[in-house]
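Asks: starting from these lines, generate the structure:
(2 chains)
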Number of protein chains: 2
Amino acid sequence: MDDNSAIVIGGGLVGSLCACLLAERGYKVTLYEKREDIRKLTASKGRSINLALSHRGRKALRLIGLEDEVLKNAIPMSGRLLHSEKGDTESVKYDPVSNQCIYSVGRNFLNQALLDAAQKYTNLKMFFNHKVVDVDFNKSTIEVTNCMTNDSIITSADFIIGADGAFSVLRGFMQKMPRFNFSQDFIDHGYLELCVPAKRGDQLRPNHLHIWPRGQFMMIALPNQDNSWTVTLFMPFEKFAAIDDRRKLIEFFESTFPDALPLIGEQELESMYFKNAPSALVSIKCGQYDMGNRFLIIGDAAHAMVPFYGQGMNAGFEDCTLLNELLNQTQDNVSKIIKLFTQKRQKDAFAICDLAMYNYIEMRDLVTKPTYKLRKIVDGTLAKLWPEIWVPLYNSVSFSHMEYSKCVENKSWQDEVLLYGVLITIIIFAILILVLF
Amino acid sequence: MDDNSAIVIGGGLVGSLCACLLAERGYKVTLYEKREDIRKLTASKGRSINLALSHRGRKALRLIGLEDEVLKNAIPMSGRLLHSEKGDTESVKYDPVSNQCIYSVGRNFLNQALLDAAQKYTNLKMFFNHKVVDVDFNKSTIEVTNCMTNDSIITSADFIIGADGAFSVLRGFMQKMPRFNFSQDFIDHGYLELCVPAKRGDQLRPNHLHIWPRGQFMMIALPNQDNSWTVTLFMPFEKFAAIDDRRKLIEFFESTFPDALPLIGEQELESMYFKNAPSALVSIKCGQYDMGNRFLIIGDAAHAMVPFYGQGMNAGFEDCTLLNELLNQTQDNVSKIIKLFTQKRQKDAFAICDLAMYNYIEMRDLVTKPTYKLRKIVDGTLAKLWPEIWVPLYNSVSFSHMEYSKCVENKSWQDEVLLYGVLITIIIFAILILVLF
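Replies: From the prediction side, this is the model:
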């Protein structure tokens, strides 16, 4: 075993966790990250800095003994706090039965913790400012360039993993190979990050993921350790473009998010809104995750998704758990497990990508509808009565390790049961009315 | 006008035609082709060497005065000749009403004719063995490398067109830009080219596209000028893989294509079948064809499709016709027309990609069904009665310039009319029976 070598491309969340797991297994691991070491930076740019950690992510962190440390630095969120246009709020628990939470965790903190963990393995070497510029699937080699010196090397390992994100370089090379099915779909909505500063953070009810659902768009806020909140506005790009001066912006917030405006602050809002362009949101599906006998893509490289189920990182971490299980089952037979990984993971990756797309509609619109609230109550009651049998969709996705595709199937039969329940009730009522009158 | 410059990437069918059209308009055109000049080669490798030219392609060729020359060197095909497993044949006309034909034309002949035409323009320069290695959409530049000397130049033009095929380099760069939607779908079937040599070419009925429809797979044959036939076997890759020795191959042909085997010849079949691996078939859809203010992709680069409607080249040529029309309408306002091109072309490109996928099922399976034959008769009769109103799908696609998406809509209402027709007939019969008995 101790002769096995692995290359991990990408030192983000999934890449660094994956590198740790392989080092834990005894692999001689080399990690290449094209950016510089984020531990040396003061703030990372342009990326969502808040993440919702749930069961699947926690399980993977547990494998490298990092779960407790991360949870200690995370903020539990037990439900959604819905803000109406009048400023009224309503708390909706994620898990009314056993009160399970998801955790707000900072991207930078988590990435740094993972890189620190990686650093401790003597059999793991990390190279920052190193980017992959070429891949040869036949020879199982990659060419890596040092961005500082421009020196290049051609290298190889028994297992080569691309965890290099939604715009993965490794996947780019895979896409050029025959019969590699692939799609990338950008939604018409973008996002822009705002902030409620620490000094006003107390004015938002703690331990909640705040949502301002507005039908065709929404704003959310997640808590940070320092008492500030990261606020994200999701809207159609054309709506962003239409709000193009200070007056329109303030008017928009006054009429749409009246309770949030004083928390963010008019000055700060203006400066944050006009400083950055809204970012795009992409959903990526691949027909396979393996290539040749040694290459595998995981995480966003394999299945980037829109962020509305808070499962992007969790799914990526779960890829690492699955990888570890498959390596266990096959005594580290890499050429076998990369194919098994595709077989096993694809339907689940497709399912969570689709669920994430659907959840945008739920978050921005459905949560305000009476039918949604009724369903939530019915789900809660049935889950309380039969906790083993009736697991609502959100719970199976966020608080279980059920395969994502099973979560969807599960929801389907629940929908059918409820539909028949309603129909039978109506028929019984109709019969009663006929009999009685 | 004579100051406008254009770069065309790709000197294949669509690229060379597009370059001619722009040169015709007075553009100073530079064409870069990564391969060497095919006019200097004896035979091209690995590409389908037969094409079915129909109305849309002919119209574009007419614009540069090349239609007559091409048709003189093409072989008209007035219908399909279906071969049963017993070796019986049945001719099915494409257009029973006015007997219009599609034309079998050699890829190499056509490409050479187009390059010869291009060569005649003094304002058009062609560079072979030149590949695009980098693109900067902000600066509107491309970097081109001479494959022989490895020298690179960075260059630009008022209009930069990628006609560089299904695996377009320009599109590859577009795919990396934000919000570029894209999918590539390889079907599970591959194709392998075989041949009926000229000496036995007379044994196949002339002026037909021959089909051996076998449900889950099929073989076709198109005539060549020299009396030989290009035969293409379309099958699931796993079926190709299962036929892995001479005995299996001959047995397969004896039982499945008994009449074709002696025409191809056992020896020749074996040598051709085992020399090449089956090739893949891809369908490509893009969310847009334009990028920046000057870049546009056309042809397979924009909408590669499976070959079953014989429309790949025709659609690519029609792109050139559309481009020419838009340039006329806008007095060569490039930044405007590239956006108009996306708006106007996308639904039609999606429609023909989907139709091509559907037509594989029609060609390999449906053509043998009684319902298909009945529909063909009904379509033919109605088209004869009301030629202006009732244009069957195949005719609108192959023998008209109706937008592809309109062809599909057209088929939809025809389907509805026929369905209601059948229902009304049944109801009238039922009423008659009730009245009479």
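Asks: could you list the contact residues of the stretch 101-250 of chain A toward chain B?
Replies: Taking C-beta under 8 Å from any C-beta of the partner chain as the contact definition, the stretch 101-250 of chain A meets chain B at A:167, A:172, A:175-176, A:178-186. Just so you know, the C-beta spots here come from the backbone N, C-alpha and C atoms, and that holds for glycine as well.
Asks: number of residues surrounding A:D244?
Replies: Counted with other C-beta atoms under 10 Å in any protein chain shown, residues neighbouring A:D244 total 11.
Asks: if we can go back for a sec, ok, and the most crowded of the residues of the stretch 101-250 of chain A next to chain B?
Replies: Among these, A:Q184 has the most neighbours (other C-beta under 10 Å), with 22 neighbours.
Asks: that one touches A:L281, doesn't it?
Replies: No: in this structure, A:Q184 is not within contact of A:L281 by C-beta atoms under 8 Å, at 11.2 Å.
Asks: adding secondary structure, write the residues of the stretch 101-250 of chain A next to chain B out as CSV.
Replies: Compiled in CSV, those are given as follows (DSSP: H, G, I helix; E, B strand; the rest coil):
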residue, secondary structure
A:F167, coil
A:G172, helix
A:Q175, helix
A:K176, coil
A:P178, coil
A:R179, coil
A:F180, coil
A:N181, coil
A:F182, strand
A:S183, strand
A:Q184, strand
A:D185, strand
A:F186, strand
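Asks: need these in CSV with pLDDT and distance to A:L233, can you?
Replies: CSV is the format used below for those (pLDDT from 0 to 100; distance: C-beta to C-beta, whole Å):
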residue, pLDDT, distance to A:L233
A:F167, 93, 23
A:G172, 93, 31
A:Q175, 92, 32
A:K176, 88, 37
A:P178, 87, 42
A:R179, 93, 41
A:F180, 96, 36
A:N181, 96, 34
A:F182, 96, 30
A:S183, 96, 27
A:Q184, 95, 23
A:D185, 95, 21
A:F186, 95, 17
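Asks: now the two most distant members of these.
Replies: A:P178 and A:F186 (25.8 Å; C-beta to C-beta).
Asks: all helices of the stretch 251-400 of chain A, in order?
Replies: A:261-264, A:266-275, A:300-303, A:312-329, A:334-364, A:370-385, A:393-398 (DSSP state H, counting those that start in this stretch).
Asks: excluding sequence neighbours, find me the nearest residue to the residue in chain A that chain B sits nearest to.
Replies: Residue nearest to chain B within chain A: A:S183 (3.6 Å; C-beta to the nearest C-beta). Setting aside the residues directly before and after it, A:S183 is nearest to B:S183 in space (C-beta to C-beta, 6 or more residues apart in numbering or on different chains), at 3.6 Å.
Asks: now do A:Q414
Replies: Nearest non-adjacent residue to A:Q414 (C-beta to C-beta, 6+ apart): A:W390, at 7.0 Å.
Asks: OK, contacts around the residue nearest the centre of chain A?
Replies: Among the residues of chain A, the one closest to the centroid is A:G312, at 2.0 Å (C-alpha atoms, centre = their mean). For A:G312, the contact set (C-beta atoms under 8 Å, 6 or more residues apart in numbering or on different chains) comprises A:D300, A:A304, A:M305, A:A356.
Asks: is the first one in contact with A:I284, as I believe?
Replies: What that stands for is A:D300. Yes: in this structure, A:D300 is within contact of A:I284 by C-beta under 8 Å, at 7.4 Å.
Asks: the more surrounded of these two?
Replies: Neighbour count, other C-beta under 10 Å: between A:D300 and A:I284, A:D300 has more, with 26 against 22.
Asks: which ones are touching that one?
Replies: A:V14, A:G165, A:A166, A:S168, A:I284, A:G312, A:G316.
Asks: now the first one, what's its secondary structure?
Replies: Okay, so that is A:V14. Under the three-state scheme (three-state DSSP), the conformation of A:V14 reads as helix.
Asks: what sits against the residue lying closest to it once chain neighbours are set aside?
Replies: Of all residues not flanking A:V14 in the chain, A:G299 sits nearest, at 3.4 Å (C-beta to C-beta, 6+ apart). The neighbours of A:G299, taking C-beta under 8 Å, 6+ apart as the test, are A:G10, A:G12, A:L13, A:V14, A:G15, A:C18, A:A163, A:G165, A:A315, A:G316, A:D319.
Asks: find residues that contact each of A:D300 and A:I284.
Replies: Common contact partners of A:D300 and A:I284 (C-beta under 8 Å, 6+ apart): A:A166.
Asks: what number of residues lie near A:T232?
Replies: 19.
Asks: meant to ask about A:F437, not that
Replies: Neighbours of A:F437 using other C-beta under 10 Å come to 5.
Asks: what packs against the top helix by length along chain A?
Replies: Looking only at chain A and at elements set by DSSP state H, the helix with the highest residue count is helix A:404-436. Secondary-structure packing of helix A:404-436 (3 or more C-beta pairs under 8 Å, 6 or more residues apart in numbering or on different chains; DSSP states H and E): helix A:334-364, helix A:370-385, helix A:393-398.
Asks: most tightly packed of the ones you listed?
Replies: Counting by mean count of other C-beta atoms under 10 Å in any protein chain shown, helix A:393-398 has the highest mean neighbour count of these, with a mean of 23.
Asks: roughly how far is it from the heart of the chain?
Replies: Centre-to-centre, helix A:393-398 and its host chain are 14 Å apart (C-alpha atoms, centre = their mean, to the nearest Å).
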